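1. output the structure for:
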Amino acid sequence: MVSPADRSDVVGHCRALVVSYHRDIDSGRATAGIGAFAADAEFEAHGRVFRGRDEILGFLKAREADTGRQTAHVLANEVVTGQDDDDDGSGHKRVELQAMVLLHVRQPDGAYVLDRVLTTVHRFRHSGGEWRITHRTSRPLHPNV
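-> Sure, this is the predicted structure:
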């Protein structure tokens, strides 16, 4: 069990992983974000599920190669929905973070316009002395946004 004193450090670290990989995407260095993910992570994006670091890295490489698409991800409404020791007997600690992601896309005139709002869930596992994202899902908040 994670103590209340450790909780804010854990949540802060896990949140920083989410912010960092989005920042890497937004700065044109999407592949640098692979370090946030566990080797067996699952990453859902654009209606597909990428399994394992190799597939996630492939997605990030394709995103990085798309230099014409410049984005700004803004996280909002963050809620920690689970934090405890794993119940599979492994002893690994886990955290779950729900957040809205407001995705802005750069227009030809240089202005960033809200493209869509996603609800995301990131699950994290602490293993080998490190926190890593093990699962990321996203759904459009509203199909017209």
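2. what sits up against the longest helix anywhere in the chain?
-> Once the chain is assigned using DSSP state H, the helix that runs over the most residues is helix 4-26. Outside helix 4-26, the residues that touch it by Cβ atoms under 8 Å, 6 or more residues apart in numbering are 2, 30-33, 36-37, 60, 63-64, 70-73, 75, 78, 80, 83, 93, 95, 97, 99, 101, 122, 124, 126, 131-133. Glycine gets a C-beta too; all of them are placed from N, C-alpha and C.
3. which of the residues you listed are buried? Put it as a ChimeraX command.
-> In ChimeraX, selecting the buried portion of the contacts of helix 4-26, with burial taken from 16 or more other Cβ atoms under 10 Å, looks like this:
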select :2,30,31,32,33,36,37,60,63,64,70,71,72,73,80,83,93,95,97,99,101,122,124,126,131,132,133
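4. the contacts of helix 4-26 in helices, which ones?
-> Among those, the members falling in helices are 60, 63-64 (criterion: DSSP H).
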